[in-house]
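Asks: okay, here's the prediction I keep looking at, along with the sequence it came from:
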Amino acid sequence: MAQNVTETLAQAPLPDVDSIVILNSILILLLAYLAARAMTSMLVWFSERAYEHRITIKMAIPLLKFALYGLALYYILGSILQLSTVELVAFSGLAGAAIGFGLKDLIAEIIGGLVIVLEKPYQVGDEVEVGKYYGEITDIGPRSTKLVTPDDNLVTVSNQMILSDAVANSNAGRPEMMVVIDLFIDSSSDAPRAMELLKEALFTSRYVYISKDRPAKVLLKDFPFYRRLRAKAYVYDLRREFDFESDVTKRAWEVFEKEGIRPPQMDVANFSLRQDNQE
Amino acid sequence: MERYAKPEYLIGLEEEINTIEKAIEDFETGKRSNVAVISEPFYGVERIVDKIESIASEKCKRMPSEDLVHDLESMDRLMKNNILIVENLHRIYRRKIGGFKDITKFQKYVSTSDKLFITTWNLPSWNYLDEVLHIGKQFPLQVTLPKKDANQIKEMLLSGYEENELSFVGIEVPRQEDKFLKVGWRSAFILGREIKIPNLEVEIDILRYKLGQKKRKSAEELFFEKIARISDGNPGVAEVLWKAVLDYPNFVDRLEEPHLKIELDRAESFALSAIISADFIERSELCEIVGSPDELLYVLSEGGLITVDGEICSARPEALKEILEYLNKQRLVW
């Protein structure tokens, strides 16, 4: 059986690859690339006008990209190179060998991209942490994923690396995202009042999103020299995470000052002295 | 002789009135269920409250929320009535730190009182307060006033007029020979240059006439459909539009659909939500919520979204539908 296949492959005429075929293939790939870019721009434009459905629309981008590139490849192999089924098998064998030797990483990245698109550990528009990078996913390509950090740096991470690494997704496809805001107050300050005021700062923020499933809460924890107030609430659009944090912090401290709620008084020198005396 | 007949707001609200009437009857037999009557801004809820007041008669006391909250304890001692109708409770809170003081005081008062409270709220404020303060717990019976359809709006607006007392002027009825597809041109800016691109417009109404899906309508019916569409079924807005076109004994179709293109930044959107949530707001109050409001008010006013009359800022009724849709998408009203 195996011998038959080898014989058939040997007898199969090699496709006539001349400069025209190569040029056509490049043209098709270029067209696919341009179509993918145009389609991405169009969907991004449209999604920005769809407000809360922004991320749902952006989800389609990587899928359509893969479909476009897949179609382009199929067209090149089927129409331009005019490969028969047997030749396709032969091509696969050759591709297997190429992967084995030189293109292993590239293929692993493409497969990784495909798995990301199908399994959806994150989508375009999500806020994720990959390795030491944190930011909004702007593109999932066949080879790599791009994210923009809060400092506006564009980070490109290979799809293979993302698959093998842990990925923390802050919003999982939703436009809103939980934001944790820590404020530290002096241990002698009125903590219940501070909690009340911080809660009001959350409720009245222009960036907050509150619903039955997305409640806001404030928690208190004691530390040796201070108390920590931890506010947990959802920002209406994950891209406004730091605006939300800043707005709540600023307004909360303005009212804390008016009500005599002070930041920690780190009397560390006296504390050390007391420790020494006790010893 | 100039004549303006007040519209009959209760048309189409029979079920809601019955629900409130039953709550009053139940209260008399010992079962208390506080009522929240919730409506869009400009709805004209005071006309519905007039009806409720007449049902509860001398057993009830009606008052604006500001008066009740001002001195809750002494007011409570003075009041002998067992049913309290408190209007516009959305006016006693502001979306700022310290802005919930009065509403939480009122919540506590309701929780400890044995009176029946019938209260009115505007929809954006109710939804917001229900999420952040859970006010629904104090008012388990929530009556949301529905939008009215074109027929109900027509009936409401014409209720005070005799048949054929008014004439309709300037309303075009689509004809069989009208084209349903129109080619126009619109401008687009590409690479900083203005170019004209063809724009196809489909006249849905004419198309539906041609396809026989829609029966031919009179000018009068078309006019009230237009009012219903612009007002989005809000009777208060419909009345504002009606007053604008009524030139007794004629009414002239000079209404234009707003088609507002709202593009605001977050601060402007927030200021707009503060105005819409309170029905109207004083400039000084807005200043406490958004900081310096002058530039924001200018943008909102120029955009045809609000009017500023002295110190008072309020939304333009005819823009209400588009404002609410926009703020909803911006997640500033729920």
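Replies: Looks like it came in fine. If you're wondering where the values come from, they're calculated on a predicted model, not measured in any experiment. Numbers count the residues shown, from 1 in each chain, chains lettered A, B, ... in the order given.
Asks: compute the first-to-last residue distance for stretch B:238-258.
Replies: This stretch, stretch B:238-258, spans 14 Å end to end (CA to CA, to the nearest Å).
Asks: buried sites along that stretch?
Replies: Buried residues in stretch B:238-258, counting neighbours by 16 or more other CB atoms under 10 Å in any protein chain shown, are found at B:Ala238, B:Glu239, B:Val240, B:Leu241, B:Trp242, B:Val245, B:Leu246, B:Phe251, B:Asp253, B:Leu255, B:Pro258. From N, CA and C alone the C-beta is placed, and that goes for glycine too.
Asks: host element of the fifth one?
Replies: The secondary structure element spanning B:Trp242 is helix B:235-245 (assigned by DSSP states H and E).
Asks: quick revisit: need the buried residues of stretch B:238-258 in CSV with distance to B:His70 and pLDDT, can you?
Replies: Formatted as CSV, the buried residues of stretch B:238-258 follow (distance: CB to CB, whole Å; pLDDT from 0 to 100):
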residue, distance to B:His70, pLDDT
B:Ala238, 34, 94
B:Glu239, 31, 94
B:Val240, 31, 92
B:Leu241, 36, 92
B:Trp242, 36, 90
B:Val245, 40, 84
B:Leu246, 39, 84
B:Phe251, 43, 78
B:Asp253, 46, 76
B:Leu255, 41, 80
B:Pro258, 38, 78
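Asks: can I get the residues you listed in TSV including distance to chain A?
Replies: Formatted as TSV, the buried residues of stretch B:238-258 follow (distance: CB to the nearest CB, whole Å):
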residue	distance to chain A
B:Ala238	28
B:Glu239	31
B:Val240	28
B:Leu241	28
B:Trp242	33
B:Val245	33
B:Leu246	38
B:Phe251	37
B:Asp253	32
B:Leu255	27
B:Pro258	19
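Asks: between these, which sits nearest A:Leu77?
Replies: Taking CB to CB as the measure, A:Leu77 lies nearest B:Pro258 of these, at 55.1 Å.
Asks: show me how far the helix holding B:Trp242 is from its chain's centre.
Replies: 12 Å (CA atoms, centre = their mean, to the nearest Å).
Asks: helix or strand next in line after that helix, which one?
Replies: Using DSSP H and E, the helix or strand that follows helix B:235-245 in sequence is strand B:246-247.
Asks: what does chain B have sitting close to chain A?
Replies: B:95-100, B:131-132, B:266-267, B:269-270, B:329-332, B:334 (CB under 8 Å from any CB of the partner chain).
Asks: whichever of these end up buried, select them in PyMOL.
Replies: The buried residues among the residues of chain B next to chain A can be selected in PyMOL (16+ other CB under 10 Å) with this line:
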select buried, chain B and resi 95+96+97+99+100+131+132+266+267+269+270+329+330+331+332+334
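Asks: near chain B, which residues of chain A are found?
Replies: Within reach of chain B by CB under 8 Å from any CB, chain A has these residues: A:51-52, A:176, A:197, A:200-201, A:203-204, A:206-207, A:209-212, A:216, A:236-237, A:240, A:243, A:251-252, A:255.
Asks: filter those residues down to the ones in strands?
Replies: Using DSSP state E, the subset of the residues of chain A next to chain B located in strands is A:Tyr209.
Asks: any weak-confidence spans in the stretch 1-150 of chain A?
Replies: For the stretch 1-150 of chain A, applying pLDDT under 70 flags the ranges A:1-17, A:80-81, A:98-103.
Asks: whatever residue of it ends up closest to chain B - nearest residue in space that isn't next to it in sequence?
Replies: Nearest residue of the stretch 1-150 of chain A to chain B (CB to the nearest CB) works out as A:Tyr51 at 3.9 Å. Distances taken as CB to CB, 6 or more residues apart in numbering or on different chains place B:Lys329 nearest to A:Tyr51, at 3.9 Å, with adjacent residues excluded.
Asks: give me the pLDDT value at the one you found.
Replies: Here the pLDDT value assigned to B:Lys329 is 89.
Asks: isn't it right up against A:Glu52?
Replies: Yes - with contacts counted by CB atoms under 8 Å, B:Lys329 reaches A:Glu52, the gap being 6.8 Å.
Asks: can you pull out the strands in the chain?
Replies: No chain specified, so I'll use chain A. Taking DSSP E, the strands of chain A run over residues A:127-130, A:133-140, A:144-148, A:154-158, A:167-169, A:177-186, A:208-209, A:217-222, A:226-235.
Asks: that's the other chain; I wanted chain B
Replies: Using DSSP E, strands in chain B cover B:35-39, B:60-64, B:83-87, B:116-122, B:141-144, B:167-169, B:181-190, B:193-202, B:246-247, B:250-252, B:280-282, B:306-309, B:312-315.
Asks: what are the boundaries of the helices in the stretch 51-200 of chain A?
Replies: A:54-58, A:60-75, A:85-98, A:104-119, A:159-164, A:191-203 (DSSP state H, counting those that start in this stretch).
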